[in-house]
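Q: Got a sequence here, can you build the structure:
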Amino acid sequence: MTSSQRRRGYVARALHLSLLASGLLGLCCTTGSGRRPPASLRGYDILITNKDSLSDRLALALRRRGFTVRRKIRGGSAPTAAVIIFTSRDDTPPETHWLHLRLADTRNGVIVAAVSVPEDSLGPAPDSRAQALADSLRSQAALRRPISPP
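A: Numbering: from 1, shown residues only. As a prediction, the model looks like this:
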């Protein structure tokens with residue numbers, strides 16, 4: 001498999017996940033699903049080490065949704081999933097800018113949850129972006145199993 005084919009596979013997977021997350025965001029908001037983390041993330045601590053405004057607000061939003069969030073690496077604790085946030089841009093018009101959030105198990109690198117959302121749908125403020133990412137992560141993670149590494 002060439003790198004361009006692999007990249008297209010990742011883009012297709014990201015698009016599929018973002019559509020799923022967008023559709024479920026409204027459903028999750030209307031059902032009042034409580035403060036328990038979804039089954040696929042239950043038992044995981046969420047590790048957010050970045051110190052930017054989006055990461056700070058995301059940590060707060062995830063805590064409010066029942067996740068255990070840590071800001072420092074600590075050995076010998078519960079299973080931990082590290083937050084990885086990055087952006088990308090489609091090569092073809094319209095050039096959509098995407099914000100991707102991945103939770104990777106710190107023991108083996110397996111992605112346990114993933115969300116990809118068009119940046120323009122999140123709003124300009126870090127608070128609204130963090131709330132949307134947390135809601136999407138919560139609803140998306142409740143429906144999936146961990147992705148095996150390629």
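
Q: just the strands in the protein please.
A: For the chain, applying DSSP state E gives strands covering 45-47, 68-70, 80-89, 97-105, 111-118.

Q: Now do residue 49: how many residues are near it, please.
A: By the measure other CB atoms under 10 Å, the count of residues near residue 49 is 11. All C-beta atoms are positioned from the backbone trio N, CA, C, and that covers glycine.

Q: re earlier: among the strands of the chain, which is the most enclosed?
A: Highest mean neighbour count among these (mean count of other CB atoms under 10 Å): strand 111-118, with a mean of 22.

Q: So which elements touch that strand?
A: helix 3-31, strand 97-105, helix 126-141 (3 or more CB pairs under 8 Å, 6 or more residues apart in numbering; DSSP states H and E).

Q: From residue 53, how far off is residue 114?
A: Separation of residue 114 from residue 53 (CB to CB, to the nearest Å) stands at 22 Å.

Q: Check residue 83 too.
A: 14 Å.

Q: And residue 65, by the same measure?
A: Taken as CB to CB, the span from residue 65 to residue 53 is 19 Å.

Q: In terms of neighbours, single out the busier of those two.
A: A count of neighbours by other CB under 10 Å puts residue 65 above the other of residue 65 and residue 53, at 20 against 13.

Q: Do you know the pLDDT at the more buried one?
A: Each residue has a pLDDT score; the one for residue 65 is 89.

Q: Need the mean per-residue confidence for stretch 113-120.
A: If you average the pLDDT over stretch 113-120, you get 90.

Q: scratch that, stretch 127-140
A: The average pLDDT for stretch 127-140 rounds to 87.

Q: so which of the strands of the chain gets nearest residue 125?
A: Nearest to residue 125, of all the strands of the chain, is strand 97-105, at 13.5 Å by CB to CB.

Q: Mind listing residues that contact the closest one?
A: By CB atoms under 8 Å, 6 or more residues apart in numbering, the residues outside strand 97-105 that reach it are 14, 18, 41, 44, 46, 79-90, 110-120, 122, 129, 133, 136-137, 141, 146.

Q: how far away is residue 84 from residue 75?
A: 20 Å.

Q: same question, residue 45
A: For residue 45, the distance to residue 75 (CB to CB) stands at 12 Å.
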